[in-house]
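>>> I would like to see how this sequence folds:
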Amino acid sequence: THEDYEKEKSVLHLQRSGRVDGLMISVADSTRNVEHLREVAASEMPMVLFDRVCEELDVPKVTTDDEEVSFKGTDQLLKSGCRKVAFFSMSEHLSISTRRKRGYLRALKKHGIHEPDILMDFSSSDDVENRRQIRNVLSGGNRPDGVFVAVERLAINIYEVCHELQIRIPEDLKVISFSNLSACGLFNPPLTTIFQPAFEIGKEGAEILFKLIGKKKLLPQEKELQIPSVIEMRSSTGI
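Numbers count the residues shown, from 1 in each chain. Take a look at the predicted model:
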């Protein structure tokens, strides 16, 4: 759907009207009203939500441990000497953003930091606008010394702005980001990433969906299944 709410609604309507036995859905980042998903949940159409889910819907969900791994990633930045760790995300309305922010805030609290210095939700998918906002943060008087990035495209924008402003990674700014890009090890310096088990999420979600289609009983853990992510330490965090 290319993160488009209206397209998500129309595609969902089309699928429900056609010869489809079940649906696996990851919610678009522009989705605010989930009534179209409620309608599916209330119908007899089998549905599994994955990655970006609607917590309020009583359907099977397959996610990763966003909160816990975000806690560990932020904790790593603070243990490495950072004292002003910013949080950059794309949308405050997404379930993954909420969970990742909770983990970030937990880590700050563990280290005695009760008020985050910089907590930003980027509402635009425009890289030019995102770079402008990042530039304002990194060129200001309250510049962070670490950034926890909840979305990989913002990490790329950060690298671009740091190159432009001659900010050194990791000497001046340490960066850790969610990303499944295989090229992250080729960044200069290589980017420390939180790698989501996308294949496993898809596989488990499909197996649960096939069970629903076959009217088989789900195991208790299959109703809300969490698969751990992995932190790949590289040079952007000074390791």
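>>> what packs against the lowest-mean-pLDDT helix or strand in the chain?
Between all helices and strands in the chain, the lowest mean by mean pLDDT, DSSP states H and E belongs to helix 5-17, at a mean of 78. Judged by 3 or more CB pairs under 8 Å, 6 or more residues apart in numbering; DSSP states H and E, helix 5-17 is in contact with strand 23-25, helix 35-42. For glycine as for every other residue, the C-beta is placed from the backbone atoms N, C-alpha and C.
>>> same thing but 6 Å
Helices and strands touching helix 5-17, as assessed by 3 or more CB pairs under 6 Å, 6 or more residues apart in numbering; DSSP states H and E, are absent.
>>> for this protein, which segments count as strands?
23-25, 47-50, 61-64, 85-89, 119-121, 146-149, 174-178, 192-195, 224-227, 230-232 (DSSP state E).
>>> reformat the ones you listed as CSV; add mean neighbour count, distance to Lys211 and mean pLDDT.
Listed next are the strands of the chain as CSV, based on neighbours: other CB atoms under 10 Å; distance: least, CB to CB, whole Å; pLDDT from 0 to 100:
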stretch, mean neighbour count, distance to Lys211, mean pLDDT
strand 23-25, 20, 13, 93
strand 47-50, 23, 10, 96
strand 61-64, 24, 12, 96
strand 85-89, 25, 33, 95
strand 119-121, 17, 36, 85
strand 146-149, 27, 36, 97
strand 174-178, 26, 29, 98
strand 192-195, 24, 27, 97
strand 224-227, 17, 12, 96
strand 230-232, 14, 27, 96
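>>> quick check: domain ranges of the protein?
Here the domain parsing of the chain from automatic domain parsing is 5-64+197-228, 66-196+232-237.
>>> which of the ones you listed sits most buried?
Greatest average neighbour count among those goes to domain 66-196+232-237 (a mean of 18), per mean count of other CB atoms under 10 Å.
>>> so how far is it off the chain centroid?
12 Å (CA atoms, centre = their mean, to the nearest Å).
>>> can you give me the end-to-end distance of that domain?
19 Å (CA to CA, to the nearest Å).
>>> one step back: any chance you could list what contacts the least confident helix or strand of the chain?
Residues outside helix 5-17 that contact it (CB atoms under 6 Å, 6 or more residues apart in numbering): 1, 28, 30-31, 36.
>>> would a markdown table of those with distance to Leu49 be doable?
Below are the contacts of helix 5-17 laid out as a markdown table (distance: CB to CB, whole Å):
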| residue | distance to Leu49 |
| --- | --- |
| Thr1 | 14 |
| Ala28 | 12 |
| Ser30 | 17 |
| Thr31 | 12 |
| His36 | 13 |
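>>> much appreciated, bye for now.
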